[in-house]
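Enquirer: Below are the sequence and a predicted model for it; my questions follow.
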Amino acid sequence: MKIRIETTTKFGSVSNNLRQQHKGFREWDLVSSRRDHQTILQILIDGRDPEALDVQGQSLPTLVYLAREKRPQYHHNFKAGALNALIRVSSRISDGPNFDNITQNEIYGDSLRVLMEVEHPGFDGNGGPCYIGTGCFHRRETLCGKKYSQEFKAEWRPENNRNSEESSSALEESCKSLASCAFEQNTEWGKEMSLKYGCAVEDIITGLSIRCRGWKSIYFIPERKAFLGVAPTTLMQNLIQHKRWSEGQFQIFLSKYCPLVYGHKRIPLKLQLSYVPYNLWAPNSLAMLYYVVVPSLCLLKGKALFPQISSPWVLPFPCVVLANRAYSLWEFLSCGGTLQGWWNEQRIWMFKRTTSYLFGFLSTILELLGLSKATLNVTEKVVDEDVSQRYEQEVMEFGTKSPMFNIIATLAMLNLLSCIGAIKRVIVDNKALDLLALQMLLSGLLVCLNLPVYKGLFFRKDSGSMPPSVTLFSIIFALLASTIAMY
């Protein structure tokens, strides 16, 4: 099975041999477009079949191949629509993120280990973790819009009401209508039941609504990873994914599903407040932009933003920063991370806050003003061999033109110029060091964080380096901003 999956992924299509074995795959021969086709469904392994055994003689569970119907005139609602179709089909048939491609030092911070192993247990203490779309189990009743009741206890016994006399082919045909694109018309699917539509992070509002109907969530992480997935393997994939997440979270905060409003008197206040920091990822970009831009521009001007090193009033600043970062490092290392992995995560958070979250913030505001429409950018997880090789070697991937890369490169160049300018100022006037030391330290740290960017701009020659247009753009705008700041 593993070899079949890897082969299909590599070539991007199902082999002729597999097509002949399963009629469900052969139906794709009659399809002209992936966005316009009938429901394709086949029970590949029937769990009722006594001959459905693995190599050790153990019974195999039912395995179903499903491609829900898609038509141009019907909105398919992306992942939420796919999951809702699966809920209906699985109900009829069965009645009933840890990632495996993370590099050792997590160059893109994809493991979310602190979120999973520190923040979610904190959620659990405040009333139960939120649903983030992966790595969890649901009771089917929770996704079908039912409110929690003591009466459900009698229904939680695993039962199978399927008619054992019903053939697999008959069951397949009866299930196809459940995956049709017209099934949800004039129903509560996507509204008051199932995964909700109309939001880029449908998992968050779905989980919140489940909690507000009285159901409880419990955090559990076994030693052996219960789920495996595929993480983004390029910087652009990561930034696009977080742009979608931050935009959706901010939309929730400004909608009727704001935890402080929708959850009022339904869930504990401490649980409501647990959602809010994630809802405000997008506007948090403004604070990060200030710290990355303003101190550097003032440094070029020779204007101090912090007390002098010789002043006792300077002590709170390094103490707070050191305590905060030391605690962050301890969290990361206690979750099994590495020192280099923590440093990479600091870099990625800076990139995300100055690009993904900024674009998510602006997109949400423009949508509220009626100046743009919401779009869902799907994170591409398929990459070519060269990109995969660089990812395994933990070499940061740029390679494409993007406004996000323009911002990252420009901010990197701005801090490099301000750092060089400050060193020159200190050489000319040694008293400047006492006045500007903290700003120089901040600018120097930002330069260190941006080392992979400088390599991509000036030293790398592979296809994953920064495009020449991005390099030119960043140099021009950084020089322009520096010139304006100095004069």
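Expert: Done, it's in. Numbers count the residues shown, from 1 in each chain.

Enquirer: contacting residues for L208?
Expert: Taking C-beta atoms under 8 Å, 6 or more residues apart in numbering as the contact definition, L208 lies against C130, I252, Y257, P259, Y262, G263, Y275. C-beta coordinates here come from the backbone N, C-alpha and C atoms, glycine included.

Enquirer: Mind picking the lowest-pLDDT entry from the residues you listed?
Expert: On pLDDT alone, C130 ranks lowest of the contacts of L208, at 88.

Enquirer: ok, that residue - contacts?
Expert: F123, I204, G207, L208, S217, S274, Y275, Y278.

Enquirer: Kindly format the C-alpha coordinates of stretch 465-476 as CSV.
Expert: Output of stretch 465-476 as CSV, limited to C-alpha atoms (Å, rounded to 0.1, in the frame of the first residue of the first chain):
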residue,chain,number,x,y,z
SER,A,465,17.4,32.0,-4.6
MET,A,466,15.6,35.3,-4.6
PRO,A,467,14.5,36.4,-8.0
PRO,A,468,16.6,39.3,-9.4
SER,A,469,13.5,41.5,-9.5
VAL,A,470,13.0,41.1,-5.8
THR,A,471,16.6,41.9,-5.1
LEU,A,472,16.4,45.0,-7.2
PHE,A,473,13.2,46.1,-5.5
SER,A,474,14.5,45.6,-2.0
ILE,A,475,17.7,47.5,-2.6
ILE,A,476,15.9,50.5,-4.2
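
Enquirer: List of residues touching it?
Expert: Here stretch 465-476 makes contact (C-beta under 8 Å, 6+ apart) with 398-402, 405-406, 409-410, 412-413, 453, 455-458, 460.

Enquirer: can you rerun that using 6 Å?
Expert: Contacting residues not belonging to stretch 465-476 are listed as F398, K401, F405, N406, A409, T410, M413, G456, L457 [C-beta atoms under 6 Å, 6 or more residues apart in numbering].

Enquirer: again with stretch 237-244
Expert: By C-beta under 6 Å, 6+ apart, the list of residues contacting stretch 237-244 from outside reads Y108, A200, P232, K352, T355, S356, F359, G360, N377, T379, M404.

Enquirer: number of nearby residues for the residue lying closest to the last one once chain neighbours are set aside?
Expert: Yep, that's M404 we're talking about. Once flanking residues are discounted, M404 sits nearest to T355: 4.0 Å by C-beta to C-beta, 6 or more residues apart in numbering. As a burial measure, T355 scores 25 neighbours (other C-beta atoms under 10 Å).

Enquirer: Ok, the one 10 residues further on next?
Expert: Counted with other C-beta under 10 Å, residues neighbouring I365 total 15.

Enquirer: Can you classify it as helix, strand or coil?
Expert: helix (DSSP: H, G, I helix; E, B strand; the rest coil).

Enquirer: Quickly note the distance from it to L260.
Expert: 20 Å (C-beta to C-beta, to the nearest Å).

Enquirer: so R68 makes contact with L178?
Expert: No - R68 is beyond contact range of L178, at 8.9 Å (criterion: C-beta atoms under 6 Å).

Enquirer: pLDDT weak spots in this structure?
Expert: 1-2, 4-6, 8-14, 18-26, 28-30, 32, 94-101, 152-165, 374-383 (pLDDT under 70).

Enquirer: How far off centre is the longest helix along it?
Expert: As assigned by DSSP state H, the longest helix anywhere in the chain is helix 403-428. How far helix 403-428 lies from its chain's middle: 30 Å, per C-alpha atoms, centre = their mean, to the nearest Å.

Enquirer: So which residues make contact with the helix or strand just after it?
Expert: Using DSSP states H and E, the helix or strand that follows helix 403-428 in sequence is helix 432-449. Under the criterion C-beta under 6 Å, 6+ apart, residues 295-296, 299, 304, 306, 308-310, 347, 350, 415-416, 418-419, 422, 425-426 lie in contact with helix 432-449.

Enquirer: E184 versus the closest residue to R425 other than its chain neighbours, what's the distance?
Expert: In space, R425 comes closest to A432 once its chain neighbours are excluded; the distance is 4.9 Å by C-beta to C-beta, 6+ apart. Relative to E184, A432 is positioned 66 Å away (C-beta to C-beta).

Enquirer: got it, and S255?
Expert: 21 Å.

Enquirer: And the two? Which one has more around it.
Expert: Using other C-beta under 10 Å as the criterion, S255 and E184 rank with E184 on top: 20 against 14.

Enquirer: with the contacts of L208 in mind, which one is nearest to S90?
Expert: C130 (23.2 Å; C-beta to C-beta).

Enquirer: Let me see the backbone angles for that closest one.
Expert: For C130, the backbone dihedrals (degrees, to the nearest 10) come out as phi -80, psi 160.

Enquirer: What are the boundaries of the strands in this protein?
Expert: 40-45, 63-67 (DSSP state E).

Enquirer: Would you mind putting these into a markdown table with distance to S168 and mean neighbour count alongside?
Expert: As requested, the strands of the chain are arranged in a markdown table below (distance: least, C-beta to C-beta, whole Å; neighbours: other C-beta atoms under 10 Å):
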| stretch | distance to S168 | mean neighbour count |
| --- | --- | --- |
| strand 40-45 | 5 | 19 |
| strand 63-67 | 10 | 18 |
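
Enquirer: Out of these, which is closest to Y391?
Expert: Of all the strands of the chain, strand 63-67 comes closest under C-beta to C-beta, at 29.4 Å.

Enquirer: In terms of secondary structure, what does that closest one contact?
Expert: If you count contacts as 3 or more C-beta pairs under 6 Å, 6 or more residues apart in numbering; DSSP states H and E, strand 63-67 packs onto strand 40-45.

Enquirer: The strand it packs on pairs with which strands?
Expert: Note on strand 40-45: by DSSP bridges, its sheet partners are strand 63-67 (antiparallel).

Enquirer: got the CA positions of the strand it pairs with in PDB?
Expert: Extracted in PDB, the C-alpha atoms of strand 63-67 (Å, rounded to 0.1, in the frame of the first residue of the first chain):
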ATOM      1  CA  LEU A  63     -11.800   1.400   3.100                       C
ATOM      2  CA  VAL A  64     -13.800   3.600   0.800                       C
ATOM      3  CA  TYR A  65     -12.700   5.700  -2.100                       C
ATOM      4  CA  LEU A  66     -14.800   8.800  -2.600                       C
ATOM      5  CA  ALA A  67     -14.700  11.800  -4.900                       C
END
